[in-house]
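Student: Show me how the following folds:
(2 chains)
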Amino acid sequence: MKPLESSELRYSRNIRALSHEEVKSLHTKKVCIVGLGGLGGYVVEILARIGVLNITAVDYDVFEHNNLNRQLFSTEALLGHPKTEGAGSRIKAVNSAVQLNLIGEKLTESNALGVLQGHDCVVDALDNIPSRLLLQDTCEKLGVPMVHGSIAGWFGQVAAIFPGDKLFQKIFKNVSVDGTVPEKGVERELGNLPFTASTVASMQAAEVVKILCGRQVLRNTLTQIDLLDFEFNTLYFGDKS
Amino acid sequence: MKLEVRLFSYLRDGRGKEVYLDVKEDAIVADVIKMLEIEDNEVANVLINNFNADSSSTLKEGDSVSLFPLLAGG
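Tutor: Here you go, the predicted model:
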């Protein structure tokens, strides 16, 4: 029996849960993660470890003290440094085969198409609703699926959104007033806990991998998790895939 | 008329998982939200008897109303 190459060993624990073909396929896929806060850091790391070798990470912000409780790439030494810098050094150390494209800009109407085009899947790791709507609109134009995640305190939510689904128009409908959505949710009062961020980010990464591998994911649904009462509830907004 | 209200996530704080209310005949979901002293913009999603609804939906005797909060952090 011929010895395994180091790259085969690296991904050997993916096998069976994923097929050899799926693991190889992940190497060729491109994923863009928008936001490198509590969710984005974990999503980038999980995708790099599982073998997604083309990753774009977008964040214009720098690390602050109040990020240290949950943001994977934040360290005391990196306080005041760009979050993209933290992502770069960490991912290089974890999986040097990853082509990591770091964009230190805020996603805006003028740059969104350019930032997101060419990716097979986009991850919403943002922290405000108007930017999420821009992300969904741009993914819709580009025909790219995206995976939404958001958190507040002990609670979080995840949804896969495909072109045509326009899920945000459904899940934010009740809080829209004359077409305007609020900037933030209750996370302002509840804060953001590390295990909520890592749980929701892991769920997002699972959805991304399923999408990249062509596996079935729930569509037109929103799954809310409650780590305080340990409940998962899925809301349905239309046809399931 | 009597209703069951099921609350999710932080909307349970100080209210519990289920609340049973006696409301006026022509009540809508917004009336229930107000009775429970929840801010309008705190409820992102509403179900009535497990079907999608919104804050303007009219209620009837025995309905089960589920209220889910707005979560937007990242």
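
Student: Give me the distance between the two termini of stretch A:213-231.
Tutor: Terminal residues of stretch A:213-231 lie 28 Å apart, using CA to CA, to the nearest Å.

Student: hmm, I was thinking of stretch A:82-101
Tutor: For stretch A:82-101, the separation between the terminal residues is 14 Å (CA to CA).

Student: who in chain B is up against chain A?
Tutor: Proximity of chain B to chain A, by CB under 8 Å from any CB of the partner chain, involves residues B:8-10, B:12, B:17, B:40-47, B:52, B:54-55, B:68-74. In this view, the C-beta of every residue, glycine as well, is placed from N, C-alpha and C.

Student: Residue A:144 - how many residues pack around it?
Tutor: 21 (other CB atoms under 10 Å in any protein chain shown).

Student: Please disregard the earlier target; I meant residue B:10.
Tutor: Residues near residue B:10, counting by other CB under 10 Å, number 22.

Student: Does it touch residue A:153 like I think?
Tutor: Yes. Between residue B:10 and residue A:153 a contact is recorded at 6.1 Å, counting by CB atoms under 8 Å.

Student: anything in contact with each of the two?
Tutor: Common neighbours of residue B:10 and residue A:153, counting by CB atoms under 8 Å, 6 or more residues apart in numbering or on different chains, are A:186, A:190.

Student: what's the helix or strand for the residue nearest the centre of chain B?
Tutor: Per CA atoms, centre = their mean, the C-alpha nearest to the average position across chain B is that of residue B:67, at 4.3 Å. Secondary structure assignment for residue B:67, by DSSP states H and E: strand B:64-69.

Student: mind listing what's buried in the helix ranked longest in chain A?
Tutor: Identified as the longest helix of chain A according to DSSP state H is helix A:194-212. For helix A:194-212, the neighbour count (16 or more other CB atoms under 10 Å in any protein chain shown) marks A:196-212 as buried.

Student: which intervals of chain A have sub-threshold pLDDT?
Tutor: A:1-4, A:177, A:187, A:239-241 (pLDDT under 70).

Student: Just give the nearest non-adjacent residue to the spatially most central residue of chain A, would you?
Tutor: The centroid of chain A falls nearest to residue A:123 when counting by CA atoms, centre = their mean (3.5 Å). Excluding its sequence neighbours, the residue lying closest to residue A:123 (CB to CB, 6 or more residues apart in numbering or on different chains) is residue A:33, at 4.3 Å.

Student: What's the separation between that neighbour and chain B?
Tutor: 11 Å (CB to the nearest CB, to the nearest Å).

Student: That residue contacts residue A:58, correct?
Tutor: Yes. Residue A:33 is in contact with residue A:58 according to CB under 8 Å; the separation is 7.0 Å.

Student: beta partners of residue A:151?
Tutor: Beta-bridge pairing of residue A:151 under DSSP bridges involves residue A:156, residue B:73.

Student: Can you give me the neighbour number for it?
Tutor: 33.

Student: contacting residues around it?
Tutor: Contacts here follow CB under 8 Å, 6+ apart; on that basis residue A:151 touches A:38-39, A:157, A:187, A:192-193, A:196-197, A:200, B:71, B:73-74.

Student: Please convert those residues to JSON lines, extending it with distance to residue A:168.
Tutor: Putting the contacts of residue A:151 into JSON lines (distance: CB to CB, whole Å) gives the following:
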{"residue": "A:38", "distance to residue A:168": "20"}
{"residue": "A:39", "distance to residue A:168": "16"}
{"residue": "A:157", "distance to residue A:168": "12"}
{"residue": "A:187", "distance to residue A:168": "17"}
{"residue": "A:192", "distance to residue A:168": "20"}
{"residue": "A:193", "distance to residue A:168": "24"}
{"residue": "A:196", "distance to residue A:168": "21"}
{"residue": "A:197", "distance to residue A:168": "21"}
{"residue": "A:200", "distance to residue A:168": "17"}
{"residue": "B:71", "distance to residue A:168": "13"}
{"residue": "B:73", "distance to residue A:168": "16"}
{"residue": "B:74", "distance to residue A:168": "14"}
